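[1] pasting the structure only:
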């Protein structure tokens with residue numbers, strides 16, 4: 001009232017309008033914000049137009065748009081400001097709470113039959129993790145700290161939740177760049193992997209027909225998550241949050257007595273967490289913190305890690321075939337599936353196989369190394385955390 005009396009009605013109203021205009025996004029916008037908004041729109045376009053991992057890219061793309069709407073600092077809007085809604089939701093990413101819940105859902109929707117019936121495929125998933133440690137070594141050589149190099153290397157596993165979990169422990173300030181990089185390369189599996197697969201294989205190798213998988217009993221399916229969690233978690237206790245939830249989800253599915261819990265884990269729970277993780281990871285890419293030479297370097301190293309993982313998976317199968325009898329050889333086109341992008345990488349294996357033989361169905365065979373890659377990336381994460389935390 002005092003301000004109104006001293007300034008007069010029109011002066012007071014003018015100050016209100018000026019303050020309002022100064023608080024709009026138009027008054028705060030920078031070229032960085034506009035660039036990131038365009039990137040977010042690009043993600044949404046790819047998700048809708050080409051259906052590239054829409055469950056991931058659409059919420060991430062919208063989060064990038066949301067996180068780069070300019071605002072006046074201190075107005076409790078941004079994801080990095082204490083007490084904001086986005087900041088509370090981001091807590092699950094920052095503290096690594098969301099990834100284990102994602103793994104619970106993945107376990108509840110995964111059938112390990114292809115892996116159980118042909119245990120050799122586990123080694124393909126393990127070989128593909130070379131991309132993680134190769135990128136770690138390169139990042140160290142380029143001057144990144146050991147913790148940053150470990151977080152960057154995990155992109156090679158092509159597993160977004162694992163990348164988020166590891167980064168939350170090692171380099172939380174790089175979360176936006178690493179998480180967006182990991183999910184982006186997961187979505188681009190159909191573009192990145194086929195040229196490498198064709199480069200490393202001959203036409204004769206692409207035509208290899210694998211023996212049908214043997215039937216797997218229900219008892220084997222029930223015992224697998226119990227034995228799996230004991231073996232892997234005794235080896236790398238640091239991976240218990242991820243592997244424990246993965247195998248619990250699978251046991252809920254295979255036990256046959258907890259259908260409701262399994263349905264919840266692979267349905268509404270994983271859907272809710274996927275929305276939250278995508279939205280907040282996207283929103284964390286505020287131009288003021290995201291656009292930097294370090295972020296660009298992370299994207300380049302992520303591509304390198306992913307390519308090395310594909311090279312390692314396909315190359316390992318070629319070497320393994322040297323020691324296998326003719327009837328037991330593995331089609332090296334499934335070597336790419338050793339990364340953890342489930343089931344996108346397995347579909348790439350299948351599609352590439354059909355190009356050379358329309359009756360050679362590789363999908364079920366490729367699912368073996370693909371689910372092994374999920375386990376392998378979590379084990380690799382535990383290894384990194386064991387000597388970097």
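    Cool, the structure landed. Quantities reported herein were computed from a predicted structural model and do not represent experimental measurements.
[2] CA only for contacts and neighbour counts going forward, please
    Fine.
[3] So what's the residue count around residue 231?
    Residue 231 is surrounded by 11 other residues when neighbours are defined as other CA atoms under 10 Å.
[4] how close does it get to residue 243?
    As for residue 231, its distance to residue 243 is 11 Å (criterion: CA to CA, to the nearest Å).
[5] What of residue 191?
    Note on residue 191: its distance to residue 243, by CA to CA, is 29 Å.
[6] who's more crowded, these two?
    Between residue 191 and residue 243, counting by other CA under 10 Å, residue 243 is the more crowded of the two (30 against 11).
[7] Residue 200 reaches residue 317, doesn't it?
    No - using CA atoms under 8 Å, residue 200 is not in contact with residue 317; the gap is 10.6 Å.
[8] ok, those two, which is more surrounded?
    Regarding residue 200 and residue 317, a neighbour count based on other CA under 10 Å identifies residue 317 as having more, with 23 against 14.
[9] That one: what's its closest spatial neighbour, skipping adjacent residues?
    Setting aside the residues directly before and after it, residue 317 is nearest to residue 332 in space (CA to CA, 6 or more residues apart in numbering), at 5.3 Å.
[10] Report how many residues lie close to the one you found.
    29.
[11] Isn't it up against residue 201?
    Yes - shown here, residue 332 and residue 201 form a contact pair, counting by CA under 8 Å, at 7.1 Å.
[12] in the stretch 151-300 of the chain, which spans are strands?
    Under the criterion DSSP state E, counting those that start in this stretch, strands are not mapped anywhere in the stretch 151-300 of the chain.
[13] which stretches of it have low pLDDT?
    Along the stretch 151-300 of the chain, no part satisfies pLDDT under 70.
[14] now the helices: where do they sit in it?
    Across the stretch 151-300 of the chain, reading from the start of the chain, the helices by DSSP state H, counting those that start in this stretch fall at 160-170, 175-187, 189-200, 203-206, 218-235, 240-255, 259-264, 270-283, 287-290, 293-321.
[15] okay if I get those helices as CSV plus distance to residue 24?
    As requested, the helices of the stretch 151-300 of the chain are exported to CSV (distance: least, CA to CA, whole Å):
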stretch, distance to residue 24
helix 160-170, 33
helix 175-187, 25
helix 189-200, 39
helix 203-206, 58
helix 218-235, 51
helix 240-255, 42
helix 259-264, 42
helix 270-283, 19
helix 287-290, 17
helix 293-321, 28
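[16] looking at those, which is closest to residue 115?
    Distances from residue 115 to each of the helices of the stretch 151-300 of the chain were compared by CA to CA, and the smallest falls on helix 218-235, at 10.0 Å.
[17] related to what we said a few turns ago, and the gap between the residue nearest to residue 317 and residue 194?
    Plainly put, residue 332 is 12 Å away from residue 194 if you go by CA to CA.
[18] again, but for residue 148
    As defined by CA to CA, residue 148 lies at a distance of 29 Å from residue 194.
[19] ok, those two, which is more surrounded?
    A side-by-side neighbour count of residue 148 and residue 194, using other CA under 10 Å, places residue 148 first with 22 against 18.
[20] Skipping adjacent residues, who's closest to the more buried one in space?
    Closest to residue 148 by CA to CA, 6+ apart is residue 171, at 5.6 Å.
[21] With residue 38 instead?
    Counting by CA to CA, 6+ apart, residue 38 lies nearest to residue 65, which is 7.9 Å off, once chain neighbours are set aside.
[22] Run through the residues that contact the one you found.
    Taking CA atoms under 8 Å, 6 or more residues apart in numbering as the criterion, residue 65 is in contact with 36, 37, 38, 40, 41, 282, 283.
[23] Count residues in the vicinity of the third one, would you?
    What that stands for is residue 38. Counted with other CA under 10 Å, the burial measure for residue 38 works out to 15 neighbours.
[24] Any chance you could list what contacts whichever helix or strand it is part of?
    Under DSSP states H and E, the secondary-structure element containing residue 38 is helix 31-49. Outside of helix 31-49, the residues that reach it under the criterion CA under 8 Å, 6+ apart are 52-55, 57-65, 68-70, 285-288, 291.
[25] Quick one: buried ones out of these?
    For the contacts of helix 31-49, a burial check counting by 16 or more other CA atoms under 10 Å picks out 52-54, 57-65, 68-70, 285-287, 291.
[26] Just the mean pLDDT for the helix or strand that comes right after the helix holding residue 38, thanks.
    Following helix 31-49 in sequence order, the next helix or strand is helix 54-67 (DSSP H and E). Throughout helix 54-67, pLDDT has a mean value of 94.
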